[in-house]
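Engineer: okay, predicted coordinates and the sequence, questions at the end:
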Amino acid sequence: MLQQAESLEKKGMSLYREDRDKYLKLLKYKVQLSDQKYWENRKNYFSVMNNLINEKLTAEDFIDEFLCLWEKDRDRFAVNCEPNIASKRFAKWIDKIFSRCEVFEPEAQKKEQYGENWLKDSVSNVLIQIQKEYNSNENAD
């Protein structure tokens, strides 16, 4: 489907206009590939998250490390493959952490909203949710 979509684009056409069912399948597949990219790097995400929670990293260092991982995965070319079913919806959790990083205020006092404690609590809550969702597939270590 990817090849067909690319071929149509080169001709100035779109899969969306030519075959909506295939287009929707392709979109679903692209979401699965996105989940897979982040899933493949999950242990590094869990490590960085745990390092913040256990105060081995400051909020600023966590954000630097997390965003470095996130950018590499976001920009990595997804190989045409069959995504692991366990990776389903994993990107949504990474997006939640990403949004917390965007809102974080480094100048905020520790107890103020959007400060370091808020970020640590937010990351901890997301990690707990990830562990609950994926516990049956694989523990988030």
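Structural biologist: Now that the structure is in, tell me what you want to look at.
Engineer: name the helices or strands packed onto the longest helix along the chain?
Structural biologist: In the chain, with assignment by DSSP state H, the single longest helix is helix 20-40. Where contact means 3 or more C-beta pairs under 8 Å, 6 or more residues apart in numbering; DSSP states H and E, helix 20-40 is packed against helix 2-10, helix 15-18, helix 59-75, helix 90-103. The C-beta positions use only the backbone N, C-alpha and C, and glycine is treated the same way.
Engineer: and the following helix or strand past it, average pLDDT?
Structural biologist: Using DSSP states H and E, the next helix or strand after helix 20-40 towards the C-terminus is helix 42-53. Averaged across helix 42-53, the pLDDT comes to 97.
Engineer: who touches helix 42-53?
Structural biologist: For helix 42-53, contacts defined as C-beta atoms under 8 Å, 6 or more residues apart in numbering pick out 38, 56-57, 59, 62, 65-66, 69, 90, 94, 97, 119-120, 123-124, 126-127, 130, 140-141.
Engineer: and that helix, how far from the chain's centre?
Structural biologist: For helix 42-53, the separation from the chain centroid amounts to 13 Å (computed by C-alpha atoms, centre = their mean, to the nearest Å).
Engineer: next, the angle helix 20-40 makes with it.
Structural biologist: In terms of direction (axes from the mean of the first three to the mean of the last three C-alpha atoms, to 10 degrees), helix 42-53 departs from helix 20-40 by 60 degrees.
Engineer: helix 42-53 vs helix 59-75, what angle?
Structural biologist: If you take the same axes, to 10 degrees, helix 42-53 sits at 160 degrees to helix 59-75.
Engineer: per-residue confidence at Ser136?
Structural biologist: pLDDT recorded at Ser136 is 51.
Engineer: for Gln32, find the nearest of the helices and strands packed on helix 20-40.
Structural biologist: Nearest to Gln32 among the helices and strands packed on helix 20-40 is helix 90-103 (9.4 Å), distances taken as C-beta to C-beta.
Engineer: report the secondary structure state of Glu105.
Structural biologist: Following DSSP: H, G, I helix; E, B strand; the rest coil, Glu105 is assigned to coil.
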